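K.L.:
Generate coordinates for the sequence data below:
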Amino acid sequence: MNRRTKILATLGPATDDPAVLKRLLMAGVDVVRLNYSHGKAADHARRAAAVRSAAHEMGYDIGVLADLQGPKIRIESFADGPVELVEGAAFRLDTALPTEAGDVHAVGCAYKELPDDTRPGDILLLNDGAITLRVTAVKGSCIDTVVVLGGVLSNRKGINKQGGGLSAAALTDKDREDLVHAISIGADFIAVSFPRSAADMHEARELMKAAGGSAALVAKIERAEALPNLEAIIKASDVVMVARGDLGVEIGDAELPGWQKKIIAASREANRMVITATQMMESMIVNPIPTRAEVLDVANAVMDGTDAVMLSAETATGKWPVKTIEAMARVCVGAERAMPSRERSRRTMGSHFERIDEAVAMATTWTAQQMHAKAIVSLTESGSTALMVSRTDSGIPVYALTRHERTRRKMALCRGVYPVSFDPSTSDAMQAEREAIACLKYRRVIVTGDRVLLTRGDLTGELGGTNTMKIVTIA
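P.N.:
Modelled structure (predicted):
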């Protein structure tokens, strides 16, 4: 419990060995990701079950995030393998071309609406921006371009439009099926790829409710169009992801660092959890140690206030999945140690609060800082009070005591919050407080003489019912 920033690791072939999976959890994974862009539904179900089994055996609360693929905005394939595009050469994208008929002159496109979304002068970026094309003409199914930045292009690479403007809906038919599947295997988080507005997140929530789900929804900010709608998207979501791959391609590398900081700050201010993702330790796919640039990248995200840092291919298919988690954990702890403890929220004691539990949470964080409390103890049903308390990065640990396993797994993503299994339902309020303190003393996270702040509601089992803050000196 020395590390406040959480680690999200993608599962894949490199983590399928049960022994490797257990070592991964022991190294510090808090939440695992199932990437629905790859593999079959049965693969995801099997991996989710393996995580649940290992976590139960080890006594851990590990969250499961299902990441929906989103629209496939990709080229098709080449007949004779990769081609090399030369600067100044003509190259055509043709949505009517057969899937496997690509060559050095043209290639098919899986996104059939691309001709409707492009105009002469537009810049198209392929393979995460490694290939740049300028549109010269659009006619029927064909988009004629000239190569501005060349290189080797292989099958099924992604397409982005510089500045955004692709009209593809965030949720495809496949996503709708995958969302239902994710609910059926008990995913705690469901990530929506390429949302353009709050409406995309509202649609996903309605679909989830219709399927009987209650997962937290993650909005992946990876489209240029999402940025003007950022505040509304955040409010429509439970968690936000800074998906730096596609976002960086669409808005440009120079703009990405500033937007990372803005997205993290806006998410925290709205009491939402936030994940920073993409290429955080990319070199560790093949190397046993990270580069110094990667170390600084992870540390910078930690210092920005992200709740979690995410690994993709590094753990899913990489050569060193366990070493990668160990390295990331070390960097997180080092960055946290170097940070001054300070209140990140702009809220002040003069702020107006609509909700009683929010007012109690803010009063608790302020009092804990002023009194140099050892811990904040939140007796919670939904985890919302612990989340609001955690939005100030004071360095004071928050222990979320709850009887609900799903709440504990969701809190596993929340920075500075440590979920603890605790059932106060058979006790009155005073007895529940005493048992909560005894539970944490048994775990040796608090000792005699420590001062802690405790939050609870008068009525056990009532969601959003937190209305009490209490200062306790441990006897």
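
K.L.:
those strands in the stretch 201-350 of the chain, which residues are they?
P.N.:
Using DSSP state E, counting those that start in this stretch, the strands of the stretch 201-350 of the chain run over residues 216-221, 239-243, 273-277, 308-311.

K.L.:
what comes into contact with the shortest one?
P.N.:
By C-beta atoms under 8 Å, 6 or more residues apart in numbering, the residues outside strand 308-311 that reach it are 5-10, 30-31, 33, 241, 273-278, 280-281, 298, 301-302, 324-325, 328, 332, 413, 415. In short, each C-beta sits where N, CA and C put it, glycine included.

K.L.:
try 7 Å this time
P.N.:
With contact meaning C-beta atoms under 7 Å, 6 or more residues apart in numbering, strand 308-311 is reached by 5-10, 31, 33, 275-277, 280-281, 298, 301, 324, 328, 332, 413.

K.L.:
can you list the weak-confidence ranges in the protein?
P.N.:
1, 340-352, 458-464 (pLDDT under 70).

K.L.:
just the strands in the stretch 1-150 of the chain please.
P.N.:
Ranges of strands in the stretch 1-150 of the chain, per DSSP E, counting those that start in this stretch, are 6-10, 31-35, 63-67, 83-85, 90-94, 106-108, 123-126, 131-139, 142-149.

K.L.:
Next, the buried residues of the last one.
P.N.:
Counting neighbours by 16 or more other C-beta atoms under 10 Å, one finds that the buried residues in strand 142-149 are C142, I143, D144, T145, V147.

K.L.:
The chain - how does it break down into domains?
P.N.:
The chain breaks down into these domains under automatic domain parsing: 6-70+169-336, 83-161, 356-473.

K.L.:
Turn those into TSV, columns for distance to S77.
P.N.:
Output for those, formatted as TSV (distance: least, C-beta to C-beta, whole Å):
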stretch	distance to S77
domain 6-70+169-336	17
domain 83-161	4
domain 356-473	37
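
K.L.:
and of those domains, who's closest to E76?
P.N.:
Nearest of the domains of the chain to E76, taken as C-beta to C-beta: domain 83-161 at 3.3 Å.

K.L.:
Can you check the distance spanned by that closest one, start to finish?
P.N.:
Terminal residues of domain 83-161 are spaced 21 Å apart (C-alpha to C-alpha, to the nearest Å).

K.L.:
before we move on, the earlier item: nearest to P419, of the strands of the stretch 1-150 of the chain?
P.N.:
Closest among these, using C-beta to C-beta: strand 63-67, at 9.6 Å.

K.L.:
Pull out the C-alpha coordinates of the closest one and format them as CSV.
P.N.:
Output of strand 63-67 as CSV, limited to C-alpha atoms (Å, rounded to 0.1, in the frame of the first residue of the first chain):
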residue,chain,number,x,y,z
GLY,A,63,-10.8,-4.9,-11.4
VAL,A,64,-11.5,-6.0,-15.0
LEU,A,65,-11.8,-3.5,-17.9
ALA,A,66,-13.3,-4.5,-21.2
ASP,A,67,-12.1,-2.2,-24.0
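
K.L.:
What strands flank that strand, and is each parallel or antiparallel?
P.N.:
Applying DSSP bridges, strand 63-67 is found paired with strand 31-35 (parallel), strand 189-192 (parallel).

K.L.:
Same list (the ones you listed) but as a markdown table, adding distance to G158.
P.N.:
Output for the strands paired with strand 63-67, formatted as a markdown table (distance: least, C-beta to C-beta, whole Å):
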| stretch | distance to G158 |
| --- | --- |
| strand 31-35 | 14 |
| strand 189-192 | 17 |
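
K.L.:
Turn those strands into TSV, columns for mean neighbour count.
P.N.:
Converted to TSV, these look like this (neighbours: other C-beta atoms under 10 Å):
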stretch	mean neighbour count
strand 31-35	25
strand 189-192	27
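
K.L.:
Give me the nearest residue to A475, chain neighbours excluded.
P.N.:
Among residues not flanking A475 along the chain, T448 sits closest, at 6.4 Å (C-beta to C-beta, 6 or more residues apart in numbering).

K.L.:
what's the neighbour count on the one you found?
P.N.:
Residues lying near T448 (other C-beta atoms under 10 Å) number 8.

K.L.:
Next, T473: phi, psi?
P.N.:
Here the main-chain torsion angles of T473 (degrees, to the nearest 10) amount to phi -100, psi 120.

K.L.:
and stretch 232-249, C-alpha only, in CSV?
P.N.:
Output of stretch 232-249 as CSV, limited to C-alpha atoms (Å, rounded to 0.1, in the frame of the first residue of the first chain):
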residue,chain,number,x,y,z
ALA,A,232,-19.8,17.0,-21.4
ILE,A,233,-18.1,13.7,-22.2
ILE,A,234,-16.5,13.6,-18.8
LYS,A,235,-19.8,14.2,-17.0
ALA,A,236,-21.4,11.4,-19.0
SER,A,237,-18.7,9.0,-18.0
ASP,A,238,-17.4,7.4,-14.8
VAL,A,239,-13.8,7.2,-15.9
VAL,A,240,-11.8,9.0,-18.6
MET,A,241,-8.8,7.6,-20.6
VAL,A,242,-6.2,9.8,-22.2
ALA,A,243,-5.7,7.5,-25.2
ARG,A,244,-2.6,9.2,-26.6
GLY,A,245,-2.2,7.0,-29.7
ASP,A,246,-5.0,8.2,-32.0
LEU,A,247,-5.3,11.5,-30.2
GLY,A,248,-1.7,12.3,-30.8
VAL,A,249,-2.0,11.5,-34.5
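
K.L.:
chain center to it, what's the gap?
P.N.:
The chain centre lies 9 Å from the centre of stretch 232-249; the measure is C-alpha atoms, centre = their mean, to the nearest Å.

K.L.:
How about residues contacting that stretch?
P.N.:
Stretch 232-249 is touched from outside by 125, 128-129, 160, 189, 191, 195, 197-198, 201-202, 216-222, 226, 256, 260, 263-264, 266-267, 270, 272-278, 413, with contacts defined as C-beta under 7 Å, 6+ apart.

K.L.:
Buried subset of those residues, written for ChimeraX?
P.N.:
Selection of the buried residues among these in ChimeraX, burial being defined by 16+ other C-beta under 10 Å:
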select :125,129,160,189,191,195,197,198,201,216,217,218,219,220,221,222,226,256,260,263,264,266,267,272,273,274,275,276,277,278,413
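
K.L.:
The residue nearest to A55 when sequence neighbours are not counted and E381: what is the separation?
P.N.:
Spatial nearest neighbour of A55, chain neighbours left out: I62 (4.1 Å); criterion: C-beta to C-beta, 6+ apart. Distance, I62 to E381, using C-beta to C-beta, to the nearest Å: 20 Å.

K.L.:
Is it possible to get a markdown table of the strands of the stretch 201-350 of the chain that adds distance to S427?
P.N.:
Shown next, in a markdown table, are these (distance: least, C-beta to C-beta, whole Å):
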| stretch | distance to S427 |
| --- | --- |
| strand 216-221 | 29 |
| strand 239-243 | 32 |
| strand 273-277 | 30 |
| strand 308-311 | 33 |
